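Undergrad: Pasting the sequence and the predicted model now:
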Amino acid sequence: MAINNKVKSTNDLVLKDRLVAINRVTKVTKGGRTFSFAAIVIVGNEEGIVGWGLGKAGEVTAAIAKGVEAAKKNLIKVPVYKGTIPHEQVAKFGGAQVYIKPASHGTGVKAGGAMRAVLESVGITDVLAKSKGSSNPHNLVKATIAALSELRDPAMVAQNRGISVEKVFKG
């Protein structure tokens, strides 16, 4: 079942950007070494909307700016319920596998590195997260975004089943 949770318009959103990783790439030419930079950037409004982007340029600031623009083009809406996620979720991208689980109020964001940046940008304040396999920030960000995009809120589940929200919780 495909879930369509793309954000349609970014005109009225106030998005904050976070830099996840910068990678310096060297190209050896006849004239010497040429350096360029690749930046992975997360943008989010801390109220359930997040996106990621990759920017490449000859300078770090230009790479970050390109990453922010790319991130604004693929935003998704994530159901955040009382500062946490509605249910646990597993996702995999490349060699990275992520596991996110809801947590009670006051737990905090128990996640490392690239996953923490994504979860905080969404606006999640209490969550338990674990990454397995590759620690490559590219794949971790993509796997975390994939896990968040698969989340469903109780209202969506009730609508798909054709029942009330109360019946979803009763079983």
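TA: Structure received.

Undergrad: Extract the C-alpha trace of the host helix or strand of residue 72 and format it as PDB.
TA: Per DSSP states H and E, residue 72 falls inside helix 60-73. Provided in PDB are the C-alpha atoms of helix 60-73 (Å, rounded to 0.1, in the frame of the first residue of the first chain):
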ATOM      1  CA  VAL A  60      31.200  24.400   1.600                       C
ATOM      2  CA  THR A  61      28.700  27.200   1.900                       C
ATOM      3  CA  ALA A  62      27.500  26.700  -1.700                       C
ATOM      4  CA  ALA A  63      27.200  23.000  -1.100                       C
ATOM      5  CA  ILE A  64      25.100  23.600   2.000                       C
ATOM      6  CA  ALA A  65      22.900  26.100   0.200                       C
ATOM      7  CA  LYS A  66      22.300  23.600  -2.700                       C
ATOM      8  CA  GLY A  67      21.500  20.900  -0.100                       C
ATOM      9  CA  VAL A  68      18.900  23.200   1.600                       C
ATOM     10  CA  GLU A  69      17.200  23.900  -1.800                       C
ATOM     11  CA  ALA A  70      17.200  20.200  -2.600                       C
ATOM     12  CA  ALA A  71      15.700  19.300   0.800                       C
ATOM     13  CA  LYS A  72      12.800  21.800   0.300                       C
ATOM     14  CA  LYS A  73      11.800  19.900  -2.800                       C
END
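
Undergrad: Following element in sequence after that helix, please.
TA: Helix 60-73 is succeeded, C-terminally, by strand 75-77 (DSSP H and E).

Undergrad: Can you identify the element that follows that following strand toward the C-terminus?
TA: strand 89-93.

Undergrad: quick one: average pLDDT of that next one?
TA: Taken as a whole, strand 89-93 has an average pLDDT of 95.

Undergrad: same for that strand, what does it pack against?
TA: strand 96-102, helix 137-149 (3 or more C-beta pairs under 8 Å, 6 or more residues apart in numbering; DSSP states H and E). Yep, even glycine has a C-beta here, placed from its N, CA and C like the rest.

Undergrad: buried stuff in the helix holding residue 72?
TA: The neighbour-count check on helix 60-73 (16 or more other C-beta atoms under 10 Å) flags 60, 63-68, 70-72 as buried.

Undergrad: Show me the one of the helices and strands packed on strand 89-93 that comes nearest residue 56.
TA: helix 137-149 (12.3 Å; C-beta to C-beta).

Undergrad: From the contact counts, what lies against the helix or strand that the closest one is followed by?
TA: Going down the chain from helix 137-149, the next helix or strand is helix 154-161, by DSSP H and E. On a contact count with 3+ C-beta pairs under 8 Å, 6+ apart, helix 154-161 meets helix 165-170.
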